[in-house]
Each structure stands twice: as C-alpha cells, then as structure tokens.
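Chemist: Show me how the following folds:
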Amino acid sequence: MTLYFHSPRRLARRYEALADGQRPEVHIPVDVTADDEGYTLTALVPGIEPEEVKIEVLEDAIAIRGDFSHAGPEGNQTLLRERPSGHFSRTLRLPTAVDANKAEAEVKHGVLTVRVPKAEAAKARQIKVRAK
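Modeler: Residues are numbered from 1 along each chain as shown. Model prediction:
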C-alpha cells in the first residue's frame with residue numbers, strides 16, 4: 001500500500017487560491033524510470049488533450065504544465081466535484097543532462113508519457129584497455 005502525504009503548505013495554497021477566486025494548483029503524480037539510453041516520465045493527466053500540455057526540457061530538467069478544466073453543461077447545478085480542476089506544474093531534475101531535440105511525448109488513456117534520451121556526453125562508454 002502506498003500512502004500519499006499532502007503537505008500543510010500545499011493545502012493552505014489550495015484554500016487561499018479558492019478564497020481569492022482563483023483556480024487552485026493541482027498536483028499530478030509522476031513516475032520516473034531510467035535505463036542506459038534515457039529517462040521515461042509517466043504522469044496521470046485524465047481528460048487532458050495533447051495540445052493542452054506544455055513540456056520544456058533544459059539540460060537536466062523537465063517542466064510539465066497544463067490546465068484541468070472540467071466544465072459541466074451550462075445551467076446544471078454541480079452536486080459533487082471530485083475531479084481535479086486548475087493549473088498543474090511539475091519540474092523534475094534528472095541525474096544527468098538529456099538531449100531535448102530527441103524528446104518524445106504522448107498522451108494515451110489519461111497517461112502522459114515523456115521519453116528523453118540522455119545526452120551523448122552522459123552515456124556510459126566502454127574504454128578499451130591496451131597492454132604496454
């Protein structure tokens with residue numbers, strides 16, 4: 001079983017945003033895996049269209065931004081709202097530099113997958129040992 005802890009500061013920011021009439025910031029869960037070639041990030045973004053997600057890659061950091069907006073039919077009264085609504089933003093640092101030009105991203109079934117290869121300088125190289 002995995003337990004998630006929401007910090008008191010994050011909850012306070014959500015309530016402050018609601019009090020000011022702003023849309024609160026939404027936390028999106030992200031997993032990061034690595035292999036010899038690069039990194040794969042997966043994030044839950046249900047209901048988001050691909051063009052609504054902005055991804056920036058710079059050296060060893062990836063920023064994911066977007067907005068959840070779930071408007072119901074006009075004139076209907078909302079009785080319960082549990083789906084996230086608001087802005088999301090996550091910036092993640094990776095252990096090594098990455099090649100932003102070869103990054104790929106897709107959204108499928110509410111899961112954002114970003115694949116970013118390691119920069120050539122960061123990849124492991126085999127060194128040939130010579131006898132003297």
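Chemist: pretty sure Asp99 is in contact with Glu120, am I right?
Modeler: Yes - using CB atoms under 8 Å, Asp99 is in contact with Glu120, at 7.3 Å. Where you see a C-beta, it was placed from the backbone N, CA and C, and this is true even at glycine.
Chemist: Neighbour count: the two, which is higher?
Modeler: Neighbour comparison, Asp99 and Glu120: the larger count goes to Asp99, with 16 against 9 (by other CB atoms under 10 Å).
Chemist: So which residue is smack in the middle of this structure?
Modeler: Geometric centre of the chain, nearest residue: Ile64, 4.5 Å, by CA atoms, centre = their mean.
Chemist: Could I get the pLDDT score of that residue?
Modeler: At Ile64, the model reports a pLDDT of 93.
Chemist: Could you find the closest non-adjacent residue to it?
Modeler: Leaving out its chain neighbours, the residue that sits closest to Ile64 by CB to CB, 6 or more residues apart in numbering is Arg90, at 4.9 Å.
Chemist: And that neighbour, which helix or strand is it part of?
Modeler: strand 86-93 (DSSP states H and E).
Chemist: Okay, buried residues for that strand please.
Modeler: Gly86, Phe88 (16 or more other CB atoms under 10 Å).
Chemist: Repeat that for stretch 115-129.
Modeler: Val116, Pro117, Lys118, Ala119.
Chemist: Next secondary structure after the lowest-mean-pLDDT helix or strand in the chain?
Modeler: Every helix and strand of the chain was ranked by mean pLDDT, DSSP states H and E. The lowest is helix 8-19, at a mean of 55. The helix or strand immediately downstream of helix 8-19 is strand 25-26, counting by DSSP H and E.
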